[in-house]
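S.K.: Show me how the following folds:
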Amino acid sequence: DIVCQRENSFYVDTVRMFRDRRYEFKALTKKWNKNLEKAEESGDLMKKMEAKDMVLLYDSLQLAHKCILNSFYGYVMRKGARWHSMKMAGIVTYTG
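M.R.: Below you'll find the model as predicted:
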């Protein structure tokens, strides 16, 4: 399994990339939720609409990345998979 990671580091690197991108989108969702609260307090309708749109966008992106990460896990758990490996599945759950 260690050999698999060395020869196919793109797999681990790709999981990490998706995980990191998901964290970025989650942070942006949180930021825009705060902007939404401020817009609601101020009564600014345009800022409120913009914030709602951005929350929807970034939350959708982070959820899409979560689904992709779950697919990585499912792939390595499948017995017929080229890189079937319980250790690789552990790496997905650890990094993702």
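
S.K.: for the chain, what spans make up the helices?
M.R.: Under the criterion DSSP state H, the chain contains helices at 2-7, 9-42, 45-77, 86-95.

S.K.: can I get the ones you listed in TSV with mean neighbour count and mean pLDDT?
M.R.: (Glycine included, C-beta is placed from N, CA and C.) Formatted as TSV, the helices of the chain follow (neighbours: other Cβ atoms under 10 Å; pLDDT from 0 to 100):
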stretch	mean neighbour count	mean pLDDT
helix 2-7	11	53
helix 9-42	15	93
helix 45-77	15	92
helix 86-95	16	69
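
S.K.: mind listing what the closest residue to T29 other than its chain neighbours touches?
M.R.: Nearest residue to T29, sequence neighbours excluded (Cβ to Cβ, 6 or more residues apart in numbering): Y58, at 4.2 Å. Each residue near Y58 by Cβ atoms under 8 Å, 6 or more residues apart in numbering is listed here: 25-26, 28-29, 32.

S.K.: Nearest to T14, out of those residues: which one, please.
M.R.: Of all the contacts of Y58, T14 sits closest to F25, with 16.5 Å by Cβ to Cβ.
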